[in-house]
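Peer 1: Predicted model follows, preceded by the sequence.
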Amino acid sequence: GDSVTQMEGPVTLSEEAFLTINCTYTATGYPSLFWYVQYPGEGLQLLLKATKADDKGSNKGFEATYRKETTSFHLEKGSVQVSDSAVYFCALRWEKLTFGTGTRLTIIP
Amino acid sequence: DAGITQSPRHKVTETGTPVTLRCHQTENHRYMYWYRQDPGHGLRLIHYSYGVKDTDKGEVSDGYSVSRSKTEDFLLTLESATSSQTSVYFCAISEGQESAAGNTIYFGEGSWLTVV
């Protein structure tokens, strides 16, 4: 069945550091790929998405490129801020939405 | 804002009691979902609905039932709550009227349930 594997956390970075959170997937069809973010005590918010191979999703300085050849959708940001501290979930959607286990990111000043 | 309201937002209940969580949406979305979130598991689908009185099971449906008598309301019932059902429950809706891979799923703010 469909599955998502993402980088285990927690991840701690200093402010202005470069961020990469790895995400790979297994799917039988041609899924769309998503990154969601969850701030403490809140629900999940869509961060970005890509619906076909080679698409790049971007939002709030975050980017991820749909790589069909490596079945990956890694999340990157060039300079993180304290306000980026949250849990990040990679997900794929074919018929249903399937999540990775989440990566907790903490940014220290 | 996808117009999703969950109630109650927090609840403590005793083992063996029935519990119902309500999800209300204001934008006439066809597809609605219930997920639970647990450490180390991400979010897992419990049940979903694709229309009034049309529901189906997700990957962790045992011990749960759902009902959708109106487009705007999707109810999740724990028939006899157990400690293993202590979790955060999220309702979600899918944009569009079809379950297309590219349609984004939007989430409510969650219901924290503790079974003691």
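Peer 2: Done, it's in. Here the structure is a predicted model, which is why all the values come from computation and not from measurement.
Peer 1: and residue 30, what is it in contact with?
Peer 2: Since no chain was named, I'll use chain A. For residue A:30, the contact set (Cβ atoms under 8 Å, 6 or more residues apart in numbering or on different chains) comprises A:52, A:53, A:94, B:101. The C-beta positions use only the backbone N, C-alpha and C, and glycine is treated the same way.
Peer 1: my question was about chain B
Peer 2: Residues in contact with residue B:30 (Cβ under 8 Å, 6+ apart) are B:50, B:51, B:71, B:94, B:96, B:97, B:98.
Peer 1: does chain A sit close to the longest strand anywhere in chain B?
Peer 2: For chain B, the strand reaching the highest residue count under DSSP state E is reported as strand B:42-51. Yes. Against chain A, strand B:42-51 shows contacts by Cβ under 8 Å from any Cβ of the partner chain at B:42, B:43, B:44, B:45, B:48.
Peer 1: Neighbours of the closest residue to the first one other than its chain neighbours, how many?
Peer 2: Same thing as residue B:42. Of all residues beyond its chain neighbours, the one nearest residue B:42 is residue A:99 (3.7 Å), with distances taken as Cβ to Cβ, 6 or more residues apart in numbering or on different chains. For residue A:99, the number of neighbouring residues by other Cβ atoms under 10 Å in any protein chain shown comes to 22.
Peer 1: now residue A:99: how far from residue B:110?
Peer 2: 15 Å (Cβ to Cβ, to the nearest Å).
Peer 1: Pull the residues that contact the helix or strand of chain A with the lowest mean pLDDT.
Peer 2: Evaluated with mean pLDDT, DSSP states H and E, the helix-and-strand set of chain A has its lowest mean pLDDT in strand A:97-99, which scores a mean of 93. Residues outside strand A:97-99 that contact it (Cβ under 8 Å, 6+ apart): A:2-4, A:34, A:36, A:89-92, B:33, B:42-45, B:92, B:105.
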